[in-house]
Structure formats: C-alpha cells, structure tokens
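> pasted the sequence and its predicted model underneath.
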Amino acid sequence: MSSEQLDDSPELHQPENDQLDHDFRIMLVVQSKDIPEGEMEELTLQDINTFTAMNKFFDSFDEEICLKNEKNIKYDVGSDGLIVVLVDNRKLKDEVSKFIEAYRPN
C-alpha cells in the first residue's frame, strides 16, 4: 500500500493556472438597527493575485476575525472578485478594516 492510499484527507482541487483574473474588492457594510442608514466602506485586498494567496487570506481572516465573531459577521465571495462583508457593529467594522489594510501575504 502506498502512503497516498492511507491518507484520508480530502484533496483540494488547485487550478492549473493559479493566477487570479481580477483584484479583490471588499464592500464592508455595517448592518444594524442602531444604524438605520447603514455604513459602507470599500477596500481592496493588496497583493492577492493567486488562488493560493486568496485561500491563505481567508484562512487568516477566519481564524483571527470570524471565528470569535461568528454571530456578528457574514461574508460572501463573488466570482467577479467582489467580497461583501456584513458586520453588526462599528467596533467590528473597524477591526475588519484594520485587518484587511494590514494583511500582506507571506
């Protein structure tokens, strides 16, 4: 038996061409009854130009921001490079914004 046959972990499909066709833009939106008019900020992910880098960003984002705030944050990634992040308070909006602005891929 080869070691590959013993490995039960799912194999993630990585595209042959790892390059992304577009930059990722983020619409960061506060959606709260305390802020009836809402707030929105547009951000750009810097230096994310491969699927591998995008996956690393979301791994870090989930670990550092989303897991501890899972009831207060939602996000959706569109195939056109638009990411919509909904948060329910300004403090979390500021935390997300700082994370995105400071993030640089390894």
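All right, it came through fine. Residues are numbered from 1 along each chain as shown.
> pLDDT score for Asp34?
For Asp34, the pLDDT comes out at 84.
> how deep is Asp18 tucked in, by neighbour count?
12 (other Cβ atoms under 10 Å). (Glycine included, C-beta is placed from N, CA and C.)
> ok, and the closest non-adjacent residue to it?
In space, and not counting its chain neighbours, Asp18 is closest to Thr50: 4.5 Å by Cβ to Cβ, 6 or more residues apart in numbering.
> also Asn69?
Leu92 (5.8 Å).
> so Asp47: helix, strand or coil?
coil (DSSP: H, G, I helix; E, B strand; the rest coil).
> surely it touches Arg104?
Yes. If you go by Cβ atoms under 8 Å, Asp47 and Arg104 touch, sitting 6.2 Å apart.
> re the thing from before, any buried residues in the helix or strand harbouring the residue nearest to Asn69, and which?
Secondary structure assigned from DSSP states H and E places Leu92 in helix 90-102. For helix 90-102, burial by neighbour count (16 or more other Cβ atoms under 10 Å) applies to Leu92, Lys93, Glu95, Val96, Ser97, Ile100.
> doesn't Glu37 belong to a strand?
Yes. Secondary structure assignment (three-state DSSP) places Glu37 inside a strand.
> how close does it sit to Pro105?
35 Å (Cβ to Cβ, to the nearest Å).
> those two: which is more packed in?
Each of Glu37 and Pro105 has its neighbours counted (other Cβ under 10 Å); Pro105 has more, 15 against 6.
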